[in-house]
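1. Please work out how this folds:
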Amino acid sequence: MQVGDTQTWKRTFTEEDVRLFAQVSKDHGIHHMMPDEQGRIMVHGLLTATLPTKIGGDLNYIAQNIAFDFVRPVYVGDTVQCNVTITQLTHEDRRSKLSATFVCRNHEGSVVLMGHTTGIVRIPQPMNVGLH
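-> Take a look at the predicted model:
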């Protein structure tokens, strides 16, 4: 990992995703459960926010803070791509401190979510294998 590295993840949100997220989060807002006048169901903002957190999981990243700016709604059927870019990285004893920005765009190229985060990546300890 180094400053300037970018990771990307893309997914298409389904009605089943929204239903399952509503079960887990207990957010059953009508705009997530019933189609609007145009027949669309809005995806939960925090479900959309799983895109940058999925990338963080791939890096074994432990967030200490995350700031989200929800720019426009995402609807069932939308494909959203998230780009996470490392902006700061310092290595310490058994961890690296990391800062990153992220931008999520829908299939039309419009920004739907953006933000930044700081946290750490733990460096695994070698296993102590030997005779006792």
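
2. Can you pull up the most central residue in this structure?
-> For the chain, the residue sitting closest to the mean C-alpha position, by C-alpha atoms, centre = their mean, is Pro52 at 2.1 Å.

3. Now it: phi and psi?
-> Recorded main-chain torsions at Pro52 are phi -70, psi -30, according to degrees, to the nearest 10.

4. ok so Lys54 is a helix residue?
-> Yes - assessed by DSSP: H, G, I helix; E, B strand; the rest coil, Lys54 belongs to a helix.

5. number of nearby residues for it?
-> Other residues within reach of Lys54 by the criterion other C-beta atoms under 10 Å amount to 14. C-beta coordinates here come from the backbone N, C-alpha and C atoms, glycine included.

6. That one touches Lys10, doesn't it?
-> No - Lys54 is beyond contact range of Lys10, at 10.3 Å (criterion: C-beta atoms under 8 Å).

7. intersection of neighbour lists for those two?
-> Listed as contacting both Lys54 and Lys10 by C-beta atoms under 8 Å, 6 or more residues apart in numbering are Cys82.

8. List the beta-bridge partners for Leu113.
-> Note on Leu113: beta-bridge partners by DSSP bridges are Phe70, Cys104.

9. and it, what does it touch?
-> 45, 48-49, 51-52, 68-71, 74, 80, 82, 102-104.

10. Correct me if wrong, but Val24 is in a helix.
-> Yes - assigned with three-state DSSP, Val24 falls within a helix.
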